[in-house]
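Colleague: please work out how this folds:
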Amino acid sequence: MRSECYLPLLLVVAGCQPAGDQMAAADVQGGEERVYATQTKAPTPDYKALLAEAPLADSGWVRREPTSAPPADAKAIGQAWIDRLEQRKALSGYGLSGKGPDGPVSLIDVGMPESEFEAWAKENGWTLPTHIYWTFVPALALPRVSQAAAKGIRVWPASTARTGAQNEALLWGRVELRDGCFYGDTGDGTPQKLAFFHEEIGLDVDAEGYFILRDRVSGSTLARIGEQMNWGGPPSAYIAPELEAEILEKCGPGEILVVGSPESEERFATQYPHVRELRVPPKPPGN
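Modeller: Numbers count the residues shown, from 1 in each chain. Predicted coordinates for the structure are as follows:
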């Protein structure tokens, strides 16, 4: 008989092991015992209170309007910047002038904060063109993983490049933490694939000791690991080869599933109460 165990981090690492669910695993590193956490279920926090908290920073993109007309070599200039940003894995998107595919670049979405982009350009001796409309992602206010959360995991499976345009179909599923590794899947079964997140998602431990997903820009709590979740998709993300190798070495073998930016189903319903009232329409008369 399997039992469920809702345990915060402090109790998990103490070694609670209900029947059929290993809640902690030890590994010896440098003569010290390292304990990895498991959190497959978690009680729902007070999302009404969490949603009322002020954000750490503005989550809007920074925009820079063009201040000059395109020069004669605008096409070559735009292509040079596209190539540079692609090489750095920092190109979120771009637009061309005119109606065809041969027009000059008129808009570039940069997957870097404005200050970081300017420092990078200055370091390389590049002059920023003023005829292009630029947008920049907001800066990240939180680390990838907090010190409290880092103690219980083997590797944090999140992208090292900012997220660009995404598919927006509503998907649902769960993410579990088992023996220091993250597993995700759609539907209501036991997650078996190796979960992978967007760079804007960070890992932390809340005041009650549960592992949580946080928005690294606003600081908002998005979900407790183990909750039923929603995410837009199918999502995509850049997976650095060295990070993929580390994930497979420490948590594999297995298929990597990009879950992107998951949010608790309950948090979503708290923020948009009308979704609780959705009902199947009545059958037409005579049926």
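Colleague: that's a strand at L213, yeah?
Modeller: Yes - under DSSP: H, G, I helix; E, B strand; the rest coil, L213 falls within a strand.
Colleague: that one contacts E200, correct?
Modeller: No - using Cβ atoms under 8 Å as the test, L213 is too far from E200 to be in contact (10.3 Å). Backbone N, C-alpha and C define where each C-beta goes, glycine included.
Colleague: neighbour count winner among these two?
Modeller: L213 (25 against 22; other Cβ atoms under 10 Å).
Colleague: tell me the angle the helix or strand containing A195 makes with strand 211-215.
Modeller: Assigned by DSSP states H and E, A195 belongs to strand 193-197. Angle, strand 193-197 to strand 211-215, by axes from the mean of the first three to the mean of the last three Cα atoms, to 10 degrees: 40 degrees.
Colleague: name the residues that touch strand 193-197?
Modeller: Applying Cβ atoms under 8 Å, 6 or more residues apart in numbering, the contact partners of strand 193-197 are 157-159, 175, 181-185, 213, 237, 239, 247-248, 251-252, 254-262.
Colleague: so which of those are in strands?
Modeller: Judged by DSSP state E, the subset of these located in strands is 175, 181-185, 213, 256-260.
Colleague: among those, which one lies nearest to Q147?
Modeller: Checking the ones in strands among the contacts of strand 193-197 against Q147 by Cβ to Cβ gives L213 as the nearest, at 16.7 Å.
Colleague: circling back: so how do I select the buried members of the contacts of strand 193-197 in ChimeraX?
Modeller: The following ChimeraX line selects those of those that are buried, judged by 16 or more other Cβ atoms under 10 Å:
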select :157,158,159,175,181,182,183,184,185,213,237,239,247,251,256,257,258,259,260,261,262
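Colleague: and the helix ranked longest in the chain, what does it pack onto?
Modeller: Counting residues, the longest helix found in the chain (DSSP state H) is helix 74-87. The contact analysis (3 or more Cβ pairs under 8 Å, 6 or more residues apart in numbering; DSSP states H and E) places helix 74-87 against strand 91-96, strand 105-110.
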